[in-house]
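**Student:** pasting the structure only:
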């Protein structure tokens, strides 16, 4: 497995773990402990685990003597990034327009919703980028070692 | 009609069909009947389509595969991809900046009008298009004649 595959797997695991733990925590707090949703939403703090995916370049360092990125790696990286933004944009637009439709033009929405949109966007970008990277390298392909 | 003219007509028709006509209809519906699902859906559709319109040259290239004259070669593709990436980077920074400004302005317990969201999207589109165009101009070189196509 090369560095890009390892990074993609690591990001995918961190994103899934962060999102999964958040949903579980909110569910447990709301259904098992009977907390109101406003307090149970504190379980979304686990989403911060997603931020660990930024450590991937430090964790998977490459040998200095080897070529860092060849043309194929660059092409796959570009493709994955473009796909990530293609996935991010429609979801972001829908998330931005939903309050307008639900509450009407005179409605208001908490400022935390705006921040939630940015975090949600980050989640989608990292998820789609990792999935496309692994798909382009072929999931089971061991690939060159790096 | 040469290929450049045909492409210009194609982009003009697409612009009319996907942006101008739905946008005008949405504005008319809002003016006549007030805000409802239809105009909001049209607006969202236009914004989504406008944000992904950069994919069109790649789709057109695949459709026109096999034709003798190449109007979108590898260099054009690379420049286009780099310009789109630059646009998305700036767009992302803009959205984060909007979020931070809103948070600092109204405070963590505050509320913002729902009208801020569509305006933010429109601002983002303007920024994306501007940066995309600037990046293309810089990469092609401002004074380069380039190849004729």
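**Tutor:** Thanks, I have it. As the structure is a prediction and not an experimental result, all values here were calculated from the model.
**Student:** could you pull up the mean pLDDT of stretch B:55-71?
**Tutor:** Across stretch B:55-71, the average pLDDT comes to 71.
**Student:** and for stretch A:24-31?
**Tutor:** This predicted structure assigns stretch A:24-31 an average pLDDT of 89.
**Student:** equivalent analysis for stretch B:112-127, please.
**Tutor:** Averaged across stretch B:112-127, the pLDDT comes to 86.
**Student:** run through who's touching that stretch.
**Tutor:** Around stretch B:112-127, the neighbours that count as contacts under C-beta atoms under 8 Å, 6 or more residues apart in numbering or on different chains are A:93, A:96-97, A:99-100, A:103-105, A:107-111, A:114, B:43, B:47, B:50-51, B:87, B:90-91, B:94-95, B:98, B:102, B:106. Where C-beta positions appear, they are placed from N, C-alpha and C, glycine not excepted.
**Student:** which of these count as buried?
**Tutor:** The neighbour-count criterion (16 or more other C-beta atoms under 10 Å in any protein chain shown) marks A:93, A:96-97, A:99-100, A:109, A:111, A:114, B:43, B:47, B:50-51, B:87, B:90-91, B:94-95, B:98, B:102 among the contacts of stretch B:112-127 as buried.
**Student:** so which of these belong to helices?
**Tutor:** Secondary structure defined by DSSP state H assigns A:93, A:96-97, A:99-100, A:111, A:114, B:43, B:47, B:50-51, B:87, B:90-91, B:94-95, B:98, B:102 of those to helices.
**Student:** per-residue pLDDT of the residue of chain A positioned farthest from its centre, please?
**Tutor:** Summary for chain A: using C-alpha atoms, centre = their mean, the residue whose C-alpha lies farthest from the chain's mean C-alpha position is residue A:106, with a distance of 32.6 Å. Here, the pLDDT recorded for residue A:106 equals 84.
**Student:** how many neighbours does residue A:137 have?
**Tutor:** Neighbouring residues of residue A:137 were enumerated by other C-beta atoms under 10 Å in any protein chain shown; the total is 20.
**Student:** now for the helix or strand hosting residue A:75, which elements pack on it?
**Tutor:** Secondary structure here is read from DSSP states H and E; on that basis residue A:75 sits in helix A:71-103. Counting contacts by 3 or more C-beta pairs under 8 Å, 6 or more residues apart in numbering or on different chains; DSSP states H and E, helix A:71-103 is packed against helix A:3-27, helix A:111-137, helix B:37-51, helix B:74-106, helix B:116-140.
**Student:** which of the residues in the fourth one are buried?
**Tutor:** Yep, that's helix B:74-106 we're talking about. Of the residues in helix B:74-106, B:76, B:79-88, B:90-92, B:94-95, B:98-99, B:102-103 count as buried by neighbour count, 16+ other C-beta under 10 Å.
**Student:** in chain A, which helix or strand is least confident?
**Tutor:** Ranked by mean pLDDT, DSSP states H and E, the helix or strand of chain A with the weakest confidence is helix A:56-59, at a mean of 76.
**Student:** in that helix, what's buried?
**Tutor:** For helix A:56-59, by 16+ other C-beta under 10 Å, it's residue A:56.
**Student:** what's the offset of that helix from the middle of its chain?
**Tutor:** Relative to the centre of its chain, helix A:56-59 is centred 16 Å away, using C-alpha atoms, centre = their mean, to the nearest Å.
**Student:** quick one, domains of chain B?
**Tutor:** Recorded structural domains for chain B (assignment: automatic domain parsing) are B:1-51, B:72-149.
**Student:** hey, least reliable of those domains by pLDDT?
**Tutor:** Between the domains of chain B, the lowest average pLDDT goes to domain B:1-51, which shows a mean of 78.
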